[in-house]
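1. below are the sequence and a predicted model; questions follow.
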Amino acid sequence: MNVVFYLLVLIPVMVAGWNGVPTYQGVLNEQTVSIPGAGLTAGMPVELTEGGQVYAGTVEKVDKSWATVRAEAPNGDVTVRVPGQQAMAAVGQGALDGAKAAVELALSLVGTMTLFLGLMKVVDAAGGLQMMARWIRPVMVKLFPDIPSDHPAMSAMVMNLAANVLGLGNAATPFGIKAMQELETLNRTPGTATNAMVLFLAINTAGVAVLPTGVIAIRAALGSTDPAAILLPTLLGTFVHTIGAVVICKALQRFSPGGAPSEPVQQAPIELREFIPLGLTVGAFLAFVVAAQVYGSAVTSWIIPGLIFGMLTLGVVKRVKVYEVFIEGAKDGFSTAMRIVPFVVAILAAVGMFQSSGAMGRVVALASPLCRLIGMPPEVLPLALLRPLSGSGAIALTAELTRIYKPDTFIGQVAGTVNGSSETTFYVLALYFGSVGVHRYRHAVMTGILTDIVGVVAAVTAVRLLLGTG
């Protein structure tokens, strides 16, 4: 992340120094185009170049960090220049605007984050984590034939994935580290990742979560009419992402020698009835997806009220002191929202510089053909590249994209789904492998990269199928 952060600052300075005046790439549609608004004011004259022809334009309005330019020119790709302005001044203003927007965003997230983490604490206290672990265990035994079903490593992996599924990221990490430590006890070549370690981390980096609370909070704070609309696309995206992780990992381990025990492990037989709870859950999810497709917002509008009611009802049934436990979890939500402020300020200030210099527009223009091939808006590409590197940075960039393009547009929905259905791949690899001293990752990095690509394509496709936009 250090390198990424430095490049986000270095590249804008170089681009601004090269251009001299603010220069941006954009798409003119109905005589208007949006460009970074750092240092611009309404009524300011600009120049647009399209196909070698220069047209006069005017800044029509400035909305926070973005400006709308109007010009009598044909629709299409254009280059916008702001004569009389200094590109370096725009870059500096972009950093200040980004830092200001970061603090405003963090404050707007406090309420929603506090609510959801309070509810998740109630679920945890009611035994929801252990219940989910029992449902997952039969699948885990099939996925990890090298690990005895009664080994502590299996229990730790099950608890880690159950915590991730419920969105309890803070609880998932200790279980994950414990799982890696137990897997290391079965490792015949210390320092080298085993097949089980790589597969466990591949599933982790696929972002197996059923409740993307952070993204829903951002969408709610930014005025979405249906903040939970991305829930179903996120579930579908993370499901495909996880299946892709398992398939890719199993395929690549054939070409990466070592990593398997010398003797096969004798597993206790799994009875068919053990799959019933998980099967019913999957069936209910599919039924809900079908209902959402048929009845639209009449069904999806029930998601948030239904979740709140269901979580609290589980607590009441399990005789949890729901109010006291909710307040305890809500305190964590408040502190979590405050803890992300430095990360959000850093990344949004850097992104503000990157946008204001015109570098973002150039990257988007170059990547547009590839993005269109997979149906992804080019504007989401920077998020897809940042997500495997930094969770806090990705949240910040998701918020920025959602704010600029509005939460209920195709770009806003894709950004939220991409963020919610994936994980910080390289951070997870470094943290978990580092916890047990593994320095030879084998096929773990390639698995992570390939599954991240699958995850992005799955997220875009899920939004198109379930929300019918784009």
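-> Yes, it's here. Please read these numbers as outputs of a predicted model, since none were measured by experiment.

2. what ranges does the stretch 251-400 of the chain have for its strands?
-> Shown for the stretch 251-400 of the chain, no strands are assigned by DSSP state E, counting those that start in this stretch.

3. and S65, what does it touch?
-> Neighbouring residues of S65 by C-beta atoms under 8 Å, 6 or more residues apart in numbering: P36, G37, A38, G94, D97, G98, A101, G352, Q355, I404. Just so you know, the C-beta spots here come from the backbone N, C-alpha and C atoms, and that holds for glycine as well.

4. neighbour-wise, give me the winner out of those residues.
-> Within the contacts of S65, G352 tops the neighbour count with 30 neighbours, counted by other C-beta atoms under 10 Å.

5. got a list of what F433 touches?
-> For F433, the contact set (C-beta under 8 Å, 6+ apart) comprises M180, A193, M197, L201, H439, Y441, A444.

6. helix or strand: which one has the residue nearest to L467 when sequence neighbours are not counted?
-> Excluding the flanking residues, the one nearest L467 by C-beta to C-beta, 6 or more residues apart in numbering is Q413, at 5.7 Å. Using DSSP states H and E, Q413 falls within helix 410-420.

7. so what secondary structure elements neighbour that helix?
-> With contacts taken as 3 or more C-beta pairs under 8 Å, 6 or more residues apart in numbering; DSSP states H and E, helix 410-420 sits against helix 213-221, helix 231-252, helix 381-386, helix 391-405, helix 444-467.

8. re the thing from before, just checking, the residue nearest to L467 touches L232?
-> No. Using C-beta atoms under 8 Å, Q413 is not in contact with L232; the gap is 11.0 Å.

9. who has more neighbours out of these two?
-> Q413 (31 against 23).

10. how close does that one sit to I230?
-> According to C-beta to C-beta, to the nearest Å, Q413 and I230 sit 6 Å apart.

11. got it, and F144?
-> Distance from F144 to I230, by C-beta to C-beta: 31 Å.

12. okay, the two: which has more neighbours?
-> Set side by side, F144 and I230 give different neighbour counts by other C-beta under 10 Å, the larger being at I230 (33 against 21).

13. which ones are touching the more buried one?
-> P212, V215, I216, R219, Q413, G416, T417, G420, V463, L467.

14. likewise R219?
-> When contacts are counted by C-beta under 8 Å, 6+ apart, R219 touches P227, A229, I230, T402, P407, G412, G416.

15. what is the lengthiest helix in the chain packed up against?
-> In the chain, taking DSSP state H as the definition, the longest helix is helix 87-125. Where contact means 3+ C-beta pairs under 8 Å, 6+ apart, helix 87-125 is packed against helix 2-19, helix 213-221, helix 303-317, helix 322-339, helix 341-356, helix 391-405.

16. need the ones you listed in JSON lines with distance to M120 and mean pLDDT, can you?
-> Converted to JSON lines, those look like this (distance: least, C-beta to C-beta, whole Å; pLDDT from 0 to 100):
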{"stretch": "helix 2-19", "distance to M120": "30", "mean pLDDT": "80"}
{"stretch": "helix 213-221", "distance to M120": "7", "mean pLDDT": "79"}
{"stretch": "helix 303-317", "distance to M120": "8", "mean pLDDT": "83"}
{"stretch": "helix 322-339", "distance to M120": "6", "mean pLDDT": "80"}
{"stretch": "helix 341-356", "distance to M120": "21", "mean pLDDT": "78"}
{"stretch": "helix 391-405", "distance to M120": "17", "mean pLDDT": "76"}
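
17. select, out of those, the one closest to W135.
-> Nearest to W135 among the helices and strands packed on helix 87-125 is helix 303-317; the distance by C-beta to C-beta comes to 14.5 Å.

18. buried residues of that closest one, list them for me.
-> Residues I303, I304, L307, M311, L312, L314, G315 are the ones in helix 303-317 that count as buried (16 or more other C-beta atoms under 10 Å).

19. and the two most separated of those?
-> Using C-beta to C-beta, the buried residues of helix 303-317 span at most 18.9 Å, a distance reached by I303 and G315.

20. hmm, which helix or strand of this structure has the shakiest average pLDDT?
-> When each helix and strand of the chain is scored by mean pLDDT, DSSP states H and E, helix 297-300 comes last, with a mean of 66.

21. list the contacts for G84?
-> Contacts of G84 by C-beta under 8 Å, 6+ apart are V21.

22. am I right that it sits in a strand?
-> No. Checked against DSSP: H, G, I helix; E, B strand; the rest coil, G84 lies outside a strand; its state is coil.

23. what backbone torsions are found at it?
-> When read as degrees, to the nearest 10, the backbone of G84 gives phi 80, psi 0.
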